[in-house]
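>>> Just a sequence and a predicted model for now, questions to come.
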Amino acid sequence: MHKITKKLFGYFTALAAFFAVTAFFGFLGVFRYFTYQHLENDLKARAGAIKDQLEQFMDQQGATHGQGQGRGAYLRFVNDIAMADAYILDEQGNPFTYGKNGTAGNMPTEDVLQFSTRIFTSGSYEHVRQKEAGGDSVFYVGVPVCNQDQVILAVIIRDTADVRQDGFLLAVTILFGCMLLALVLSGLLSAFLSRRFIRPIQQIAFTTKELARGNYLVKTDVKDNTELGELAEQTDLLADKLEAARQESAKLEQMQKDYISNISHELRTPVTVIRSSLEALCDGVVTGEKAKEYERQMLAECISLQRLVNDMLELSRLQNQEFPIEKESMELTMALEDAIRTVRVLAKNKSITIRFEKDPEGFFMEGDYGRLRQMFVAALDNAIKYSAQDTQIEVQTSNQADFFVVSMQDHGCGIPAQDLEHIFERFYRSGQKHVKGSGLGLAIMKSIGDRHHIQIRLKSEDQQGTQICFYVPKAESKKAV
């Protein structure tokens, strides 16, 4: 048996025993009270009957000889009539006598004399219960006998209140047996209830141990409307959150591995080209005009390598919320036009036309002009890279109720549906692996947008083109940080 089960069993058993003992002594007290009360009422009724008879005798002082004999016989057998010790006393404490027939009742003891004094003093019914030397409870009841509104006699009946009679002992025995049976049954029931109560606690304890071991798929399977059910529900919720955190951690770990792998790949290519070219030049394998071509190739690779390092540092700074960006009041359309002018040369090399439809109202905001221009350049550069020759890119601005919207639509290869959720990840290039670039452009664009609270939404269909929309909030509270 578990410790808590033992404790609950002990609590239930102690409580049941307490109620049993309380009920037993309560019954004993009530039984004794009603027994004494019944005996007192019975003695009072007997004393009252003798008193009434004596008062009738007083009213018939001129009785005939036959009537006098009847009174004498009644008084001689007063003990039998009272079915107990009876005393008929006058105010001086002397037993009542009647003619030749002698004394009526018993000779009074000291206790009876003291009790009779109370009757004559109060002139009304009196009763008392007291313990005698033997331990028995003795009842005294007394009533006054009046003649013409004057107390002349006191009728006293004394009887032993014996509550240890057979009926009482039988009742107590039956009650004790019932209490003992109830105690045994309550003990069995408490053991059952304790085990039932401890079962969900055991399940929760097992679940927490499994969670500590790293098993986040375990569940308590406890359904309860009490606080235990709430605890089990919170434990299951904790397990779900830990499992989600584990999956997220695994995902982040994989992303870190992919990130390192991509960095290594991106750095290895230019470094390998530079090293091989330098080795060829140092060994004298390449000379003359060919050597100049190798030098130009090494310069191009150094520039590519520098761009990659700069992009990595730029992305790292933008994703650090503590890194400040310069804010100033600016007109967003000017940054967009500047970005379009920057990429026109790249577009011209592929015979791509950029058509710009500007909202005449424009849009002023607090932001970093250079960063926002960089964001638009990254989006346009990506559109140009993945667009075919002799196509068109449409750029449009529009004022809406809550946002100023900038949209860019190309007609290139598009993005497969399975790649859309990864498009803003570092080094991700969709399916077009042959396109040159660091794979950081869209990640930088997204980070700049986040720092200005700009929502970026991308829609694309494979081989149908891609649309990027920038939703710039108009609320003054949504300023760059």
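Yep, that arrived.
>>> can you pull out the strands in the stretch 1-150 of the chain?
When secondary structure is read from DSSP state E, counting those that start in this stretch, the stretch 1-150 of the chain shows strands at 85-89, 126-131, 137-147, 150-161.
>>> okay, the ones you listed, which one's buried deepest?
strand 85-89 (a mean of 24; mean count of other C-beta atoms under 10 Å). Heads up, the C-betas are built off the backbone N, CA and C, glycines and all.
>>> Off-centre distance for that strand?
76 Å (C-alpha atoms, centre = their mean, to the nearest Å).
>>> can you state the direction angle for that strand and strand 137-147?
For strand 85-89 against strand 137-147, the angle by axes from the mean of the first three to the mean of the last three C-alpha atoms, to 10 degrees is 30 degrees.
>>> Alpha carbons only: can I get strand 85-89 in PDB?
The C-alpha atoms that make up strand 85-89 are tabulated as PDB, following Å, rounded to 0.1, in the frame of the first residue of the first chain:
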ATOM      1  CA  ASP A  85     -40.800   3.800  48.900                       C
ATOM      2  CA  ALA A  86     -43.600   6.200  49.800                       C
ATOM      3  CA  TYR A  87     -43.600   8.800  52.600                       C
ATOM      4  CA  ILE A  88     -46.500  10.900  53.800                       C
ATOM      5  CA  LEU A  89     -45.200  13.600  56.200                       C
END
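>>> what angle do it and strand 150-161 make?
Taking the same axes, to 10 degrees, one finds strand 85-89 and strand 150-161 inclined to each other by 160 degrees.
>>> Remind me what strand 85-89 packs against, helices and strands.
helix 3-59, helix 78-82, helix 110-122, strand 150-161 (3 or more C-beta pairs under 8 Å, 6 or more residues apart in numbering; DSSP states H and E).
>>> now with 7 Å?
Packing partners of strand 85-89 (3 or more C-beta pairs under 7 Å, 6 or more residues apart in numbering; DSSP states H and E): helix 78-82, strand 150-161.
>>> Would you mind putting those into JSON lines with mean pLDDT and distance to residue 391 alongside?
JSON lines is the format used below for these (pLDDT from 0 to 100; distance: least, C-beta to C-beta, whole Å):
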{"stretch": "helix 78-82", "mean pLDDT": "75", "distance to residue 391": "132"}
{"stretch": "strand 150-161", "mean pLDDT": "84", "distance to residue 391": "120"}
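>>> how about TSV for these, with distance to residue 225 added?
Formatted as TSV, those follow (distance: least, C-beta to C-beta, whole Å):
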stretch	distance to residue 225
helix 78-82	67
strand 150-161	55
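>>> and the strands of the stretch 1-150 of the chain as TSV, adding distance to residue 117?
TSV is the format used below for those (distance: least, C-beta to C-beta, whole Å):
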stretch	distance to residue 117
strand 85-89	10
strand 126-131	10
strand 137-147	10
strand 150-161	9
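>>> so which of the helices and strands packed on strand 85-89 gets nearest residue 174?
strand 150-161 (21.8 Å; C-beta to C-beta).
>>> Could you list the paired strands of the closest one along with their orientation?
strand 85-89 (antiparallel), strand 137-147 (antiparallel) (DSSP bridges).
>>> In JSON lines, list those strands along with mean pLDDT and distance to residue 126.
Putting the strands paired with strand 150-161 into JSON lines (pLDDT from 0 to 100; distance: least, C-beta to C-beta, whole Å) gives the following:
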{"stretch": "strand 85-89", "mean pLDDT": "85", "distance to residue 126": "13"}
{"stretch": "strand 137-147", "mean pLDDT": "86", "distance to residue 126": "5"}
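>>> what's the closest non-adjacent residue to residue 461?
residue 414 (5.2 Å; C-beta to C-beta, 6 or more residues apart in numbering).
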